[in-house]
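K.L.:
Provide a 3D model corresponding to the input given below.
(one chain, ligands or ions: 3)
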Amino acid sequence: SVALEKKRWTLNDFDIGKPLGRGKFGHVYLAREKRSNHLVALKVLFKSQLKQSQVEHQLRREVEIQSHLRHPNILRLYGYFYDQKRVYLILEYAAKGELYKELQKCKYFSERRAATYVASLARALIYCHGKHVIHRDIKPENLLVGARGELKIADFGWSVHTFNRRRTMCGTLDYLPPEMVESVEHDANVDIWSLGVLCYEFLYGEPPFEAKEHSDTYRRIVQVDLKFPPKPIVSSAAKDLISQMLVKDSSSRLPLHKLLEHPWIVQNADPSG
Ligand SMILES: Nc1ncnc2c1ncn2[C@@H]1O[C@H](COP(=O)(O)OP(=O)(O)OP(=O)(O)O)[C@@H](O)[C@H]1O
Ligand SMILES: O=C(O)c1cc(-c2cccc(F)c2)nc2ccccc12
Ligand SMILES: [Mg+2]
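P.N.:
Ligands and ions are numbered 1, 2, ... in the order given. Here you go, the predicted model:
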């Protein structure tokens with residue numbers, strides 16, 4: 001995709017195809033860059049709505065961060081451009097769409113599939129943390145699937161360089177670690193917590209601290225009220241890994257590089273990711 005490295009883009013550089021989905025601020029379309037015939041996802045955002053929601057700075061940060069990340073499990077952002085009314089993000093096209101649709105369809109994943117996903121996410125997060133970037137929004141909705149079934153972390157809207165750590169609360173609480181729910185200082189270990197929540201949800205089909213009311217979810221998170229249901233049957237190795245990630249004290253969580261050496265990952269993850 002060298003052709004996509006050019007700097008100034010316009011809408012005329014693309015043939016627009018089918019809509020891929022609707023987001024909060026606009027639509028995402030399949031598009032083909034005319035010179036290279038390269039398929040991309042063109043995310044169209046309305047400036048009026050961005051202004052209204054006061055997320056311009058967050059969008060600029062998302063673009064700044066994601067455009068500099070290069071990893072097989074991180075969705076590429078090739079560039080952006082804007083006209084009078086809209087901002088356009090030129091994104092890598094994830095041909096197999098959203099992971100959570102797949103999770104809904106097959107209720108929960110096999111241990112091998114779950115471990116393969118968790119390992120590739122851990123490698124992507126190690127890469128991000130090495131560049132002082134924390135994602136802070138790891139959840140199934142933000143995971144897309146490439147043409148060969150590989151996972152792609154998308155939506156860096158909540159990511160930050162770990163210098164400024166401000167964050168206003170929004171979206172589902174399910175994935176937030178205690179320190180964010182209590183909105184105290186937080187660091188890259190927040191992504192380890194969220195990955196643990198995700199691993200649990202891959203294996204059981206629902207997140208560990210789910211509750212009807214927000215206040216109940218909040219209480220279950222801060223108390224780390226972690227329970228493993230009897231069904232579906234899950235190996236003790238998997239439960240052991242999850243228990244080492246969902247730890248209240250962020251510095252006591254299993255470091256990501258240690259996760260890749262955990263027996264459950266070693267025995268179940270497909271090395272190709
Ligand atoms: N790169 C992509 N490849 C394939 N499909 C995509 C891609 N980006 C987005 N989509 C589809 O479009 C939908 C909306 O995109 P996205 O989630 O990025 O918008 P959004 O919800 O406004 O963003 P955010 O989640 O930050 O609010 C996604 O749920 C997905 O189905
Ligand atoms: O009219 C502009 O200059 C403009 C630019 C950008 C922008 C600039 C770089 C990267 C990015 F993602 C977005 N976002 C906006 C959001 C709302 C209103 C106007 C703008
Ligand atoms: Mg979305």
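
K.L.:
where in the stretch 101-250 of the chain is pLDDT low?
P.N.:
Judged by pLDDT under 70, the stretch 101-250 of the chain has its weakly predicted residues at 157-171, 183-186.

K.L.:
where along it do the helices fall?
P.N.:
Listed from the start of the chain, the stretch 101-250 of the chain has helices (DSSP state H, counting those that start in this stretch) covering 111-130, 178-181, 189-204, 214-222, 236-245.

K.L.:
and those helices, which is most packed in?
P.N.:
Scoring these by mean neighbour count under mean count of other Cβ atoms under 10 Å gives helix 189-204 as the most buried, with a mean of 25. All C-beta spots, glycine's among them, are computed from the backbone N, C-alpha and C.

K.L.:
how distant is that one from the center of its chain?
P.N.:
The gap between the average C-alpha position of helix 189-204 and the chain average comes to 11 Å, counting by Cα atoms, centre = their mean, to the nearest Å.

K.L.:
and it, what does it pack onto?
P.N.:
Identification of packing neighbours for helix 189-204 by 3 or more Cβ pairs under 8 Å, 6 or more residues apart in numbering; DSSP states H and E yields helix 111-130, helix 178-181, helix 236-245, helix 256-259.

K.L.:
of the ones you listed, which approaches ligand 2 most closely?
P.N.:
Ligand 2 lies closest to helix 111-130 among the helices and strands packed on helix 189-204, at 19.2 Å (Cβ to the nearest ligand atom).

K.L.:
so the closest one versus helix 236-245, what angle?
P.N.:
Angle of helix 111-130 versus helix 236-245, following axes from the mean of the first three to the mean of the last three Cα atoms, to 10 degrees, is 30 degrees.

K.L.:
give me the distance between Pro178 and Asp187.
P.N.:
Distance from Pro178 to Asp187, counting by Cβ to Cβ, to the nearest Å: 13 Å.

K.L.:
just the buried positions in stretch 50-68, please.
P.N.:
Judged by neighbour count using 16 or more other Cβ atoms under 10 Å, the buried positions of stretch 50-68 are 50, 55, 58-59, 61-63, 65-67.

K.L.:
is that stretch in proximity to ligand 1?
P.N.:
No - contact between stretch 50-68 and ligand 1 is absent, the nearest approach being 7.7 Å (criterion: Cβ under 6 Å from any ligand atom).

K.L.:
neighbours of Ala41, how many?
P.N.:
Burial measure for Ala41: 24 neighbouring residues, criterion other Cβ atoms under 10 Å.

K.L.:
surely it touches Leu91?
P.N.:
Yes - counting by Cβ atoms under 8 Å, a contact exists between Ala41 and Leu91, whose distance comes to 4.3 Å.

K.L.:
and for those two, which residues touch both?
P.N.:
With contacts defined as Cβ atoms under 8 Å, 6 or more residues apart in numbering, the residues shared by Ala41 and Leu91 are Val28.

K.L.:
who touches the residue of the chain with the smallest separation from ligand 1 in this structure?
P.N.:
Among the residues of the chain, Gly23 lies nearest to ligand 1; the distance is 1.9 Å by Cβ to the nearest ligand atom. Contact analysis of Gly23 by Cβ under 8 Å, 6+ apart lists 43, 45.
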